[in-house]
Structures are given as C-alpha cells and as structure tokens.
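**Q** Need a 3D model of the sequence below.
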Amino acid sequence: MVKTLFNLNSRVYGNPFFKSNSTIAPLPSPSLACGRGAKTASQYLSANKLTQPHNITLSRRRERVRDRAGEGQLWFIPLNLKRKTTALAAAYLLACNLPAFAAEITYFYDGDTVKIVENGQEFKLRVNDIDAPEKNQSYGKKSRRALMSLCEHGDFQAQITGQDKYGRKLGKLVCHGEDASLYMLQNGFAWFYAHYSNDGNLAFAQQQARNSGLGLWHTEQPTEPWVWRKNHPH
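**A** Residues are numbered from 1 along each chain as shown. Sure thing, here's the model as predicted:
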C-alpha cells in the first residue's frame, strides 16, 4: 500500500512518509493558502529564496505532533531540515492546521483517469490537459499501461482543480516527481486537450512526439478520443 499525505482543505494528495530521503514537494497553487489574505505556499517559499523551493528532505527520525484542531490526526515533521528558510516554510504549512490522511491510487480506468481512495472514501480523478484513447479504442490499452507504469508504485501527488459534469474530480497528477500529463504527451500516449488547455509546453511536447512518430503517432492518422466517443456512444 502506498502511504501518502492528503491535505483535505488544500485538495492536495502528497508524498509517502515511510522511507528516508523522500521529499515533500507541494504543488504551487493558490489552494494551499490558509485563511483570508494568506500567502500561498509557493509565494512563501519563493519569498525566502530557496534554491529548491518546494523540496524538504526527510530523515529516518520523525516527530509526530497532534493536530491542534483536536481531531486526533498526526503530522509528521522532518527533524533534519537543513535550512532555516526551509524550516520556516514547513512551519508555515503546519500552521494551516490541515488534517493528514492516507491516500492511494487503486485503479486505472484508462490513460487519463484513475481511482483514488482516501480515508475509506473513493473518487475518480480525471487528469488535466490530456485526452487518452478510450480503453476499447486503438492504443487504449497501451495508454492505460503507460500511466500505470508511471504511477502504480511509489509516491504521487494529485492537486484537485475542479469537477466535471460526470462528477469526476479534475486535477494535476504527479508521480515520482513527474507530471503525468507531460509524460503521456511526450511519449505519444495521449492527445493534448487543446479545447480545455492553452499550455504551450504540453502542446509542444505533443508536437515533438508526433514528429518523432512515438506511440499512437506511429499510425498516420490516429483517431482523436473525442471523435471516437462521438462515433461510439454508450
């Protein structure tokens, strides 16, 4: 089982706390701000000019501090923080009083949708910015296996940004420190979802994969998932 940190209020699912030299790498997002007028975690870290602003090294020794909200949840605080500014950043995040839970990815529906279970409850996460082939579509199984190979074992983060009309959570997925959307596009396992995203880096990643004939681009004219779904209604 992959143990991870889940910050309920920030909608961020994070890294494991069971091995030495693992890192906490919070995703820069306004959703990490605590209270009215509070700085975001990324703003706070940048203000303190950290060389690696979002990384905090953990040692084998960890201190457990009970959540001040009195809900009985435990915070794990690294004791070998090497820089004063990093310690201040950690203190800032802790001050938000967010409860911690265990979370894990338990199922991969296809190359852009997974099931996450936290604290006994489950939900679907639809990964932002990409559209992968459907599982019954050509290259659908390979796309699903690609996402599994990246995220099935090890630490992950999921930053929830919204919800779609099907009730699925929408968000950014990072596995082993790698952006899943970028990985899937770079290797030709998914399409850039230009209708819902204007991320130039991701569009460029798809173009490079296409020019190199990687993955689904090995076929001359692969069918876009949104076209396939229209032609194969449930």
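**Q** for this structure, what helix or strand is lowest in average pLDDT?
**A** Least confident helix or strand, the chain: strand 56-57 with a mean of 30, by mean pLDDT, DSSP states H and E.
**Q** where does this structure dip in pLDDT?
**A** 1-102 (pLDDT under 70).
**Q** rerun at 80
**A** 1-102, 220, 234 (pLDDT under 80).
**Q** which stretches of it form helices?
**A** Listed in chain order, the helices of the chain (DSSP state H) span 41-47, 84-95, 140-151, 180-186, 200-212, 225-231.
**Q** so what does the longest one touch, helix or strand wise?
**A** Judged by 3 or more CB pairs under 8 Å, 6 or more residues apart in numbering; DSSP states H and E, the packing partners of helix 200-212 are helix 180-186, strand 191-192. Heads up, the C-betas are built off the backbone N, CA and C, glycines and all.
**Q** Could you do the third one as well?
**A** In terms of contacts (3+ CB pairs under 8 Å, 6+ apart), helix 140-151 is packed against strand 103-108, strand 169-175, helix 180-186.
**Q** ok, now the last one?
**A** Applying 3+ CB pairs under 8 Å, 6+ apart, we find helix 225-231 packed against no helix or strand.
**Q** I would like the residues contacting that helix, please.
**A** Applying CB atoms under 8 Å, 6 or more residues apart in numbering, the external contacts of helix 225-231 come out as 131, 132, 133, 134, 137, 191, 195.
**Q** closest to residue 183 among those?
**A** Ranked by distance to residue 183 (CB to CB), the contacts of helix 225-231 are led by residue 132 at 11.6 Å.
**Q** Now for that closest one, how many residues are close by?
**A** As a burial measure, residue 132 scores 27 neighbours (other CB atoms under 10 Å).
**Q** wait, what's in contact with residue 199?
**A** 129, 192.
**Q** Just the terminal-to-terminal distance for stretch 117-129.
**A** End-to-end distance for stretch 117-129, by CA to CA, to the nearest Å: 22 Å.
**Q** in that stretch, what counts as buried?
**A** 118, 124, 125, 126, 127, 128, 129 (16 or more other CB atoms under 10 Å).
**Q** my guess is the fifth one contacts residue 169, does it?
**A** Read it as residue 127. No: taking contacts as CB atoms under 8 Å, residue 127 lies outside contact range of residue 169: 10.1 Å.
**Q** one step back: between the helices and strands packed on helix 140-151, which gets nearest to residue 233?
**A** Closest among those, using CB to CB: strand 169-175, at 22.4 Å.
**Q** quick one, the closest one and helix 140-151 angle?
**A** Relative orientation of strand 169-175 and helix 140-151, computed by axes from the mean of the first three to the mean of the last three CA atoms, to 10 degrees: 60 degrees.
**Q** per the record, what domains does this protein have?
**A** 9-95, 103-231 (automatic domain parsing).
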